[in-house]
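> What follows is a predicted protein model with its sequence.
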Amino acid sequence: MPGLYDTLLLLWNNSRMKFVVLVAALGVSVPLAAAQAREQRTAPQSPSQPDKIAEAYNQFLLGHRLEDKDDEAGAIAAYKRAKELDPTAADIPAELAALYLRTNKVKEAVDEAEAALKIAPLNREANRVLGTVYAALSEAGQGQSGGRGRGAARADENLGKAITYLEVAADKSAGEADPNVRATLARLYVRGGQFDKAIPLLAELVNQEPGWQDGPTMLVEAYAGAGRTKDAIAWLEGRTEDDPRLLPALGDFYERERRWADAADVYARVLERAPRNGEIRTRYAAALMNAGGRDNLTKARDLLKEATSARATEARPLYLLSQAQRRLGEFADAEASARRVIALNDKSPWGYYALAEALEGRHAYQSVVDELAPVVGEFRGKSDATFDIGILLPHLGFAYQELGQHDKAIQSFEEARKLSPEDPAVAGYLIEAHIAAKKYAAAIDVAKSALAQHPDDMRLTRLQAQALRLTGKTDQGIALVEDAVKKHGDDPTAYISLAQVYTEADRHAQALRVLQDAQARFPDDQSIAFELGTVFDKQKNFASAESAFRSVIARDPQNANALNYLGYMLAERGERLDESVTLVKRALEIEPDNGSFLDSLGWAYYKSDKLDLAEQNLKRAADQMRTNSVIQDHYGDVLLKLGRLDDAIAAFNRALAGDGDSIDKGEIDRKIRTARQKLPKK
């Protein structure tokens, strides 16, 4: 319940009634004229207690009236007299504290507010004053602190005090609280990371105060901090029609949920309202790129071209432009854009990162080494360049690996791992490099070490099983993945990994059972249906394999891997070759320079006896994937049929020296002998 002085002040503020009416309402018969007269004469020596209280009321109201007239000194004097006359009334020092705060006399404000709370700990005004003061002190301390030292600790302490006081001031049990107090408390909740407290308070305030511009954005921030992305989206979807200012926030939350198409639609709406907003244009393009598909990539590229012409000195739109161009197969343009990023800031790694990807796109692996090796060497000498080196070293390692320089690849990945010892992806790259170099024992050692840090990482488990199989310990590798499935029965990738190790061990029936079980558990997971198709293919159950791949394509017409696999499977069997070519071409529209897809297309043309087209596509694939034994073998076949015997022999030798997967080395030796026999006698 509000105190007597608080009630009196409320009546004064709300109705501006004559003092005599106020006093009558309170049962006090002290006319205003008498109060003013007493102000100028000496008080009685021993006034009675009722007279003191009546005079305190009088001085309290007089102080408030003088305050309204901007007579701060007179108001302070009146409040002080009221406080002397009635030292048990908490409302008087609380109101004096508020006046001191308004006149920027912080110490006096704190002293009076604390005095009020000694009398009445739940006094709203005193709590409001102290909460306001400590809130300001916490912000000042936060701004002055450069780290988490004593200044930051003091700021945190003041923040806690501010919240404690303002919670009392905003307590609804004492009646409706001042919206400004509640807004300040909500802001402090957000600052203090108490998002679950902030959200209901802000939601109520935003509904009650539709003109409060900061409220919606603060509520969005609270939802984000609480990780309540779906709740934020639901709230924003209901508000953006009336408040389009919130559209960028809705787009951001869609991105957090990886709802890229929805995010792109939102940014398109924002761009219609603000066509010159370069930041939104860039975010729109990024969302389109993440949504995928050639049409979206093309639209993103065009948006980014506009953005980079208008904002030529900003690196991020240029970096994204390079990425879009690369994914569209426009490698020369991607390289040019990446070099523009480098020209803007050659101390940043991102331009070199984009350049490496553009060069990789056209398989210029030696150029990747030539560009990155000196940059990595330059960054290596800087104490603050760990991140810069860390994102470039994997690309350097990939390039060395493609060039067959396995020791240098391993060295690059080992250095990357030292820089990022907790990153399981880097550990995986190193394991793969050891496997490519046929250093299987080293691969197993790295896998064991990485799994000790990341025991639930299925990729690392799968790689260790692969390395074990290559050392003849197939059963041990299978047992490793079987145990992982028991621990991660809710992860579809675990079942896929187990099916793959069964397949590699020629245990196709077991692989099939695992995948059928997984499909029952995860009926919407397309990767399981895809893997089923591969197992049916290896079992030579081509009708079931084809059905599996077609089901994937029916649900996702842009699934390039399914399109390619089905097209290659038809080509390998020499069936429906026109359809085979069409399917693989659809895959290449999605990934224009994928070496495996180019091999499939070339092989379909080879089976169709279209040798020129076969050679053209197989050469691109073989140039790109020089260590892939199957692709080199295919290229050798078309060269042999074209009568280019020396080139065919070279391709077959590369097949024998490559990864050795899925080839018959005896058959390749036979083809080499056949080609040599056809060579003209010297």
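Thanks, I have the structure now.
> So I631 is in contact with A621, correct?
Yes: I631 is within contact range of A621, at 5.0 Å (criterion: Cβ atoms under 8 Å). All C-beta atoms are positioned from the backbone trio N, CA, C, and that covers glycine.
> Mutual contacts of the two, please.
595-596, 599 (Cβ atoms under 8 Å, 6 or more residues apart in numbering).
> Name the nearest of those relative to L642.
Of all the shared contacts of I631 and A621, the one sitting nearest L642 is D599; the distance, using Cβ to Cβ, is 16.8 Å.
> quick one: what helix or strand has that closest one in it?
If you go by DSSP states H and E, D599 is part of helix 595-607.
> on contacts alone, who are the packing partners of that helix?
helix 560-573, helix 577-590, helix 611-624, helix 629-642 (3 or more Cβ pairs under 8 Å, 6 or more residues apart in numbering; DSSP states H and E).
> Give the buried residues for the second one.
When you say that, I think you mean helix 577-590. Neighbour-count burial for helix 577-590 flags 577, 580-581, 583-588, 590 (criterion: 16 or more other Cβ atoms under 10 Å).
> now swap in the third one and tell me
Across helix 611-624, burial judged by 16+ other Cβ under 10 Å covers 611, 613-615, 617-622, 624.
> and the helix or strand harbouring D51, what does it pack onto?
In this structure, D51 sits in helix 49-68 according to DSSP H and E. The contact analysis (3+ Cβ pairs under 8 Å, 6+ apart) places helix 49-68 against helix 4-15, helix 19-25, helix 32-38, helix 72-85, helix 91-102.
> In it, which residues are buried?
52-67.
> can you give me how far the helix or strand N207 falls within is from the chain middle?
Using DSSP H and E, N207 sits in helix 195-208. Chain-centre distance of helix 195-208: 25 Å, with Cα atoms, centre = their mean, to the nearest Å.
> Would you mind writing the CA trace of that helix as PDB?
The C-alpha trace of helix 195-208 is given here as PDB (Å, rounded to 0.1, in the frame of the first residue of the first chain):
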ATOM      1  CA  PHE A 195      16.600 -12.800 -20.700                       C
ATOM      2  CA  ASP A 196      13.800 -15.000 -19.300                       C
ATOM      3  CA  LYS A 197      12.900 -12.100 -16.900                       C
ATOM      4  CA  ALA A 198      13.200  -9.500 -19.600                       C
ATOM      5  CA  ILE A 199      11.000 -11.200 -22.200                       C
ATOM      6  CA  PRO A 200       7.600 -11.100 -20.300                       C
ATOM      7  CA  LEU A 201       8.300  -7.600 -19.100                       C
ATOM      8  CA  LEU A 202       9.200  -6.300 -22.500                       C
ATOM      9  CA  ALA A 203       6.300  -8.100 -24.200                       C
ATOM     10  CA  GLU A 204       3.800  -6.400 -21.900                       C
ATOM     11  CA  LEU A 205       5.500  -3.000 -22.200                       C
ATOM     12  CA  VAL A 206       5.500  -3.200 -26.000                       C
ATOM     13  CA  ASN A 207       1.800  -4.000 -26.100                       C
ATOM     14  CA  GLN A 208       1.000  -1.200 -23.600                       C
END
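> which residues sit against the helix or strand just after it?
Using DSSP H and E, the next helix or strand after helix 195-208 towards the C-terminus is helix 214-226. With Cβ under 8 Å, 6+ apart as the test, helix 214-226 has contacts from 183, 186-187, 189-190, 193, 195-196, 198-199, 202-203, 205-206, 209, 229, 231-232, 235-236, 239, 243, 245-246, 249, 253, 256.
> S662: how many residues sit nearby?
9 (other Cβ atoms under 10 Å).
> quick one, what contacts the residue lying closest to it once chain neighbours are set aside?
Leaving out its chain neighbours, the residue that sits closest to S662 by Cβ to Cβ, 6 or more residues apart in numbering is V630, at 5.3 Å. By Cβ under 8 Å, 6+ apart, V630 lies in contact with 599, 655, 661-663.
> okay, D593: pLDDT?
pLDDT for D593: 75.
> swap in R41?
In this model, R41 carries a pLDDT of 32.
> Pretty sure T627 sits against A437.
No: the criterion here is Cβ under 8 Å, and T627 misses it with A437 at 10.7 Å.
> Centroid-nearest residue for this protein?
R256 (5.9 Å; Cα atoms, centre = their mean).
> Against F60, how distant is that one?
54 Å (Cβ to Cβ, to the nearest Å).
> can you give me the helices for the stretch 301-450 of the chain?
315-327, 331-344, 350-361, 365-380, 386-402, 406-419, 424-436, 440-453 (DSSP state H, counting those that start in this stretch).
> got CSV for those helices, with mean pLDDT and distance to T461 too?
CSV is the format used below for the helices of the stretch 301-450 of the chain (pLDDT from 0 to 100; distance: least, Cβ to Cβ, whole Å):
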stretch, mean pLDDT, distance to T461
helix 315-327, 95, 30
helix 331-344, 95, 35
helix 350-361, 94, 28
helix 365-380, 92, 30
helix 386-402, 91, 21
helix 406-419, 95, 18
helix 424-436, 95, 11
helix 440-453, 95, 7
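> any chance of those in TSV, plus distance to A285?
As requested, these are exported to TSV (distance: least, Cβ to Cβ, whole Å):
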stretch	distance to A285
helix 315-327	6
helix 331-344	13
helix 350-361	15
helix 365-380	26
helix 386-402	22
helix 406-419	30
helix 424-436	26
helix 440-453	36
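> now the ones you listed as JSON lines including mean neighbour count and distance to A224?
Listed next are the helices of the stretch 301-450 of the chain as JSON lines, based on neighbours: other Cβ atoms under 10 Å; distance: least, Cβ to Cβ, whole Å:
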{"stretch": "helix 315-327", "mean neighbour count": "24", "distance to A224": "21"}
{"stretch": "helix 331-344", "mean neighbour count": "20", "distance to A224": "29"}
{"stretch": "helix 350-361", "mean neighbour count": "23", "distance to A224": "25"}
{"stretch": "helix 365-380", "mean neighbour count": "17", "distance to A224": "34"}
{"stretch": "helix 386-402", "mean neighbour count": "21", "distance to A224": "25"}
{"stretch": "helix 406-419", "mean neighbour count": "20", "distance to A224": "30"}
{"stretch": "helix 424-436", "mean neighbour count": "22", "distance to A224": "26"}
{"stretch": "helix 440-453", "mean neighbour count": "18", "distance to A224": "30"}
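> Nearest to D537 among those helices would be which one?
So among these, helix 424-436 is nearest, using Cβ to Cβ, at 23.8 Å.
> Can you give the contact residues for the closest one?
394, 397-398, 401, 406, 409-410, 413-414, 416-417, 420, 440, 442-443, 446-447, 449-450, 453-454, 457, 459-460, 463-464, 466-467, 470, 627, 659.
> Let me know the angle separating it from helix 440-453.
If you take axes from the mean of the first three to the mean of the last three Cα atoms, to 10 degrees, helix 424-436 sits at 160 degrees to helix 440-453.
> got the angle between helix 424-436 and helix 386-402?
20 degrees.
> circling back to that earlier point, mind checking which of the helices and strands packed on helix 595-607 is nearest E279?
helix 577-590 (29.1 Å).
> burial measure for the residue nearest to E209 when sequence neighbours are not counted, as a count.
Sequence neighbours aside, P179 is the residue nearest to E209 in space, at 5.7 Å (criterion: Cβ to Cβ, 6+ apart). Residues near P179, counting by other Cβ under 10 Å, number 15.
> Might one say that P179 is in contact with N207?
No: with contact defined as Cβ under 8 Å, P179 does not reach N207; the gap is 11.5 Å.
> in the helix or strand hosting R654, what's buried?
Using DSSP H and E, R654 sits in helix 645-657. Residues of helix 645-657 classed as buried by neighbour count (16+ other Cβ under 10 Å): 645, 647-652, 654-655.
> What is that helix packed up against?
Right, helix 645-657 is packed against helix 629-642, helix 665-678 by 3+ Cβ pairs under 8 Å, 6+ apart.
> Now find how far off-centre that helix is within its chain.
So, by Cα atoms, centre = their mean, the centroid of helix 645-657 is 46 Å from its chain's centroid.
> No further questions, thank you.
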